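*Asks:* sequence? don't have it. structure:
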C-alpha cells in the first residue's frame, strides 16, 4: 500500500507501457499518455481479509493491474502475471518480521 500521491496505478501502467513502447518524441509521448488516461477499467471483486472489495482492473498482454483506493487515502495496486483475478485473495499483514526472516533464510541458501 502507498499513500495517495497521484494515481499509482496510472504510474504502473505507464511504466509497463514505456517498457514495450518507449516514447521516442513528444507526439508519441502525448499519444501514449492520452491512451492510458482514457482506458476504461473493468470492475472486479477481490477478497481482502475475506471481505469483498471492488477493484479497478486493466488487462494487458501477459497480466493485469488492479487498483483500490481505501477510505483512508491509501491505494492498493496489484501488478499480476500468471494468476487470474478470481485466484487472488489479500490478507492484511501486521507483522512483517516472519516474512523478512524467511527471505533472509532463502537468500542464505542461495549465497
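*Replies:* Happy to help now that I have it. Because the structure is a prediction, the values reported are computed rather than measured. Numbers count the residues shown, from 1 in each chain.

*Asks:* The residue nearest in space to the middle of the chain - nearest residue in space that isn't next to it in sequence?
*Replies:* What sits nearest the mean C-alpha location of the chain, by C-alpha atoms, centre = their mean, is residue 78, with 2.6 Å. Leaving aside its chain neighbours, residue 78 sits nearest to residue 66 (4.5 Å; criterion: C-beta to C-beta, 6 or more residues apart in numbering). The way it works is simple: take the backbone N, C-alpha and C, and place the C-beta from them, glycine included.

*Asks:* What of residue 48?
*Replies:* Nearest to residue 48 is residue 90, by C-beta to C-beta, 6+ apart, at 4.6 Å.

*Asks:* so how far is residue 70 from that neighbour?
*Replies:* Residue 90 sits 12 Å away from residue 70 when distances are taken as C-beta to C-beta, to the nearest Å.

*Asks:* so what sits against both of the two?
*Replies:* The overlap between the contact sets of residue 90 and residue 70 (C-beta atoms under 8 Å, 6 or more residues apart in numbering) consists of residue 76.

*Asks:* more neighbours, the two?
*Replies:* A direct count of neighbours by other C-beta atoms under 10 Å for residue 90 and residue 70 places residue 90 higher, at 16 against 12.

*Asks:* What about residue 56, how many residues nearby?
*Replies:* Counted by other C-beta under 10 Å, the residues lying close to residue 56 total 16.

*Asks:* Identify the residues contacting it.
*Replies:* With contacts defined as C-beta under 8 Å, 6+ apart, residue 56 is in contact with 9, 41, 42, 43, 66, 67, 68.
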